[in-house]
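**Q** got a sequence here, can you build the structure:
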Amino acid sequence: RAAMGRGARRGRRQGSSTRCPLPLRYAVPACIAIVAALLVPWELCSLPLAALRRLYHRHALPLLLPLAKPHPPPSFSSLPAGRPASLRVEVLDYTAEAAAAGAGQAALLRRVVDRRRPAVIRGVPTAEALREGLARRGGLLGLAADGRVGPLDGVRVQSEADFVMAHERDKGGMIGSTPAALRFINGVRLSDFVATAAEPDFLYWTGVPDDSWAEALGNRSAWEDLAVVPEDSEVRLDDVVPLLWLSHHGTAAQAHHDTSANVFVQLEGAKRFFVWPPEAAWTLYPYPNIHASYRMSQVNFSDPDLGLFPRFGSVPPLVVDVLPGDTVVLPPFWVHRVESLSLALSLSVQSPSDTEARLARAYWLRVPFGAADSPRRKALAVLTYVAALLQELHLGPAGFMREVYETRFAALYPLNSLYFLHAQE
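**A** Residues are numbered from 1 along each chain as shown. Sure, this is the predicted structure:
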């Protein structure tokens, strides 16, 4: 408020308009609250109030004054419009790669993940064994006929092909909720799932494989063989999550990113992957982290609203089709959208990355601002820290908060919404 007041007085003396853009006025406390969850030096809270005030005037105030006058935001994406010629999804032959690297399956998968580029590997031994095991049992039709796989719980049903997940990890405390058109059904037999593939509604299921699926696929430890656990890492095998994916033809998992390394094996049917590098995430307008569908794009790919999402499409995706036996390796934070080109069954093995482990550890650290003995001292410490952090990242607060608002919140809370009108009052 002090920074805004000084900026306003300076503007009045210069005879210019000083009204701060509405999104910035209400993004300031949100930005401070988010960044305050990071590790903060205890020394900030133990400094005398006079020293904190000097830090504030020296570091924070010069950065916060530009909030009083709008300026064009910086672009976070380092990618130019269009697809860089050097960026593509590599298609690798397992035998050739393993021979060249002198590595086994686990070591080769780690090497591919460490490249930080998506790749499709053909001929991975575990993937081939799973595909052949399923084929010996007649594929999905054979499993549906003999009834050896248990009923499916949590089958998603909707009339739209694009599935936007909600409350996948956090069940409460978020804005937004599961779309009303999405229904969940428990106890669905595999035969019914397969038989309804030609009906208008789309069915989509994901779940941890139980013993019946492990027996049907002929390999009880396949997910362990596909885990990517770096050596000398704090990630453990117990942290690895295997998931089966069963989908009707035409269904699509909305564009999203995972913080884990994802080894994805196509068991039956075909799928098409659309992949974007992490730097392009801002062009896909992800939901904010406090939303039930966070990490997922807000854009309706079937009918994108370019007035609401003007940057959408500025960075074209990398596209690759995967067939039975193919293994897709997706590094952490790469955005991907997956469309089913037929009735399809897939297995993904998600291994927490070192980045994810470090973030998880940092998020659970206690914020030391409680050591401040007054709200005024605490506010000065937080504001000084936020301003110094943005300066270290070479981001101006005004441009940073405008970028966050426009790419994450504007579609949910436009300027003419009741939320902002109420806040203004």
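
**Q** span of stretch 183-200 from start to end?
**A** Start and end residues of stretch 183-200 are separated by 14 Å (Cα to Cα, to the nearest Å).

**Q** any low-confidence regions in the protein?
**A** 1-87, 167-181, 220, 230-235, 365-368, 370, 417-425 (pLDDT under 70).

**Q** where is the longest helix in it?
**A** helix 375-392 (DSSP state H).

**Q** pull whatever helix or strand comes next after that one out as PDB, backbone CA atoms only.
**A** Once the chain leaves helix 375-392, the next helix or strand it forms, by DSSP states H and E, is helix 397-404. Coordinates of each C-alpha in helix 397-404 appear next as PDB, following Å, rounded to 0.1, in the frame of the first residue of the first chain:
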ATOM      1  CA  PRO A 397       6.800  -7.600 -10.000                       C
ATOM      2  CA  ALA A 398       4.300  -5.900 -12.300                       C
ATOM      3  CA  GLY A 399       5.000  -7.900 -15.300                       C
ATOM      4  CA  PHE A 400       5.300 -11.100 -13.300                       C
ATOM      5  CA  MET A 401       1.900 -10.700 -11.700                       C
ATOM      6  CA  ARG A 402       0.200  -9.600 -14.900                       C
ATOM      7  CA  GLU A 403       1.600 -12.700 -16.600                       C
ATOM      8  CA  VAL A 404       0.300 -15.000 -13.800                       C
END
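
**Q** go through helix 397-404 and flag the buried ones.
**A** By 16 or more other Cβ atoms under 10 Å, the buried positions in helix 397-404 come out as Pro397, Ala398, Gly399, Phe400, Met401, Arg402, Glu403, Val404. Backbone N, C-alpha and C define where each C-beta goes, glycine included.

**Q** any idea how far the fifth one is from Arg376?
**A** With distances defined as Cβ to Cβ, to the nearest Å, the gap from Met401 to Arg376 amounts to 23 Å.

**Q** run through the residues that contact Arg408.
**A** Tyr285, Pro286, Tyr287, Pro288 (Cβ atoms under 8 Å, 6 or more residues apart in numbering).

**Q** again with Pro332
**A** His257, Asp258, Thr259, Ser260, Ala261, Ser353, Thr355, Glu356.

**Q** now with 10 Å?
**A** The contact partners of Pro332, by Cβ atoms under 10 Å, 6 or more residues apart in numbering, come to 113, 116, 257-262, 278, 350-356.

**Q** and those residues, which is closest to Phe409?
**A** His257 (18.2 Å; Cβ to Cβ).

**Q** the closest one: how many residues sit nearby?
**A** 20 (other Cβ atoms under 10 Å).

**Q** please apply the same query to the one 3 residues further on.
**A** Ser260 is surrounded by 23 other residues when neighbours are defined as other Cβ under 10 Å.

**Q** where does it fall, phi/psi-wise?
**A** phi -100, psi 160 (degrees, to the nearest 10).

**Q** quick check: beta-bridge partners of it?
**A** Pro352 (DSSP bridges).

**Q** do you know how far it is from Val329?
**A** Distance from Ser260 to Val329, by Cβ to Cβ: 12 Å.

**Q** give me the common contacts of these two.
**A** By Cβ under 10 Å, 6+ apart, the residues touching both Ser260 and Val329 are Val228.

**Q** picking that back up, any of the contacts of Pro332 buried? List them.
**A** Val113, His257, Asp258, Thr259, Ser260, Ala261, Asn262, Gln350, Ser351, Pro352, Ser353, Glu356.

**Q** so what's the second one up against?
**A** For His257, the set of contacting residues under the criterion of Cβ under 10 Å, 6+ apart consists of 276, 278, 281, 284, 286, 295-297, 330, 332-336.

**Q** could you turn the buried ones of those residues into a ChimeraX selection?
**A** To isolate the buried members of the contacts of His257 in ChimeraX, using 16+ other Cβ under 10 Å:
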select :276,281,284,286,295,296,297,330,332,333,334,335,336
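
**Q** identify, from the contacts of His257, the entry nearest to Trp245.
**A** Of those, the one sitting nearest to Trp245 (Cβ to Cβ) turns out to be His336, at 12.7 Å.

**Q** among the buried ones among the contacts of Pro332, which one sits closest to Pro316?
**A** Among these, and counting by Cβ to Cβ, the member closest to Pro316 is His257, at 17.2 Å.

**Q** what bridges to the closest residue to the closest one other than its chain neighbours?
**A** Closest residue in space to His257, ignoring its immediate chain neighbours: Val335 at 4.7 Å, by Cβ to Cβ, 6 or more residues apart in numbering. Here Val335 sits in beta bridges with His257, Trp276, going by DSSP bridges.

**Q** touching, Val335 and Pro277? I think so.
**A** Yes - Val335 is within contact range of Pro277, at 7.8 Å (criterion: Cβ atoms under 10 Å).

**Q** any common contacting residues for the two?
**A** When Cβ under 10 Å, 6+ apart defines a contact, the residues bordering Val335 and Pro277 alike are Val315, Pro317.
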